[in-house]
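Colleague: how would this look folded up:
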Amino acid sequence: LSDSETLAPLAAIGPRPARLLVAARIGGTRLIDNMPVSGCLSASL
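Modeller: Residues are numbered from 1 along each chain as shown. Here you go, the predicted model:
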């Protein structure tokens, strides 16, 4: 979880825009993605 503007790590989602950053390796392929997150996360995700 990172600040959207500075990419500094965040411990929790707060009032500032945040991004969830993910990197995973499947076989020899590395997948990297990110998405915006807000303080209203649904349990059905």
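Colleague: so which helix or strand takes in the residue nearest to the spatial centre of the chain?
Modeller: Ranked by distance to the mean C-alpha position of the chain (C-alpha atoms, centre = their mean), the top residue is Leu20 at 0.2 Å. Element membership for Leu20 (DSSP states H and E) is strand 18-26.
Colleague: what residues does that strand touch?
Modeller: 1-4, 7, 10, 30-38 (C-beta atoms under 8 Å, 6 or more residues apart in numbering). Using the backbone N, CA and C atoms, a C-beta is placed for each residue, glycine as well.
Colleague: what about 7 Å?
Modeller: With contacts defined as C-beta atoms under 7 Å, 6 or more residues apart in numbering, strand 18-26 is touched by 1-4, 10, 30-37.
Colleague: returning to what we had before: per-residue pLDDT, the residue nearest to the centre of the chain?
Modeller: If you check Leu20, the pLDDT there is 95.
Colleague: okay, and the beta partners of it?
Modeller: Met35 (DSSP bridges).
Colleague: quick thing: my sequence starts at 256, can you match it?
Modeller: I'll keep to 256 as the first residue from here, and by that count the last item is Leu275.
Colleague: ok, now how distant is it from Gly283?
Modeller: Here Leu275 is placed at a distance of 25 Å from Gly283 (C-beta to C-beta, to the nearest Å).
Colleague: the closest residue to Ala273 other than its chain neighbours - how many residues pack around it?
Modeller: Of all residues not flanking Ala273 in the chain, Val292 sits nearest, at 5.2 Å (C-beta to C-beta, 6 or more residues apart in numbering). Around Val292 there are 16 other residues, counting by other C-beta atoms under 10 Å.
Colleague: may I have the phi/psi pair for Val292?
Modeller: phi -130, psi 150 (degrees, to the nearest 10).
Colleague: quick check, it in contact with Ile268.
Modeller: Yes - between Val292 and Ile268 there is a contact at 6.1 Å, judged by C-beta atoms under 7 Å.
Colleague: related to what we said a few turns ago, OK, contacts around the residue nearest to Ala273?
Modeller: With C-beta under 7 Å, 6+ apart, Val292 has these contacts: 268, 273-275.
Colleague: perfect, I'm done here.
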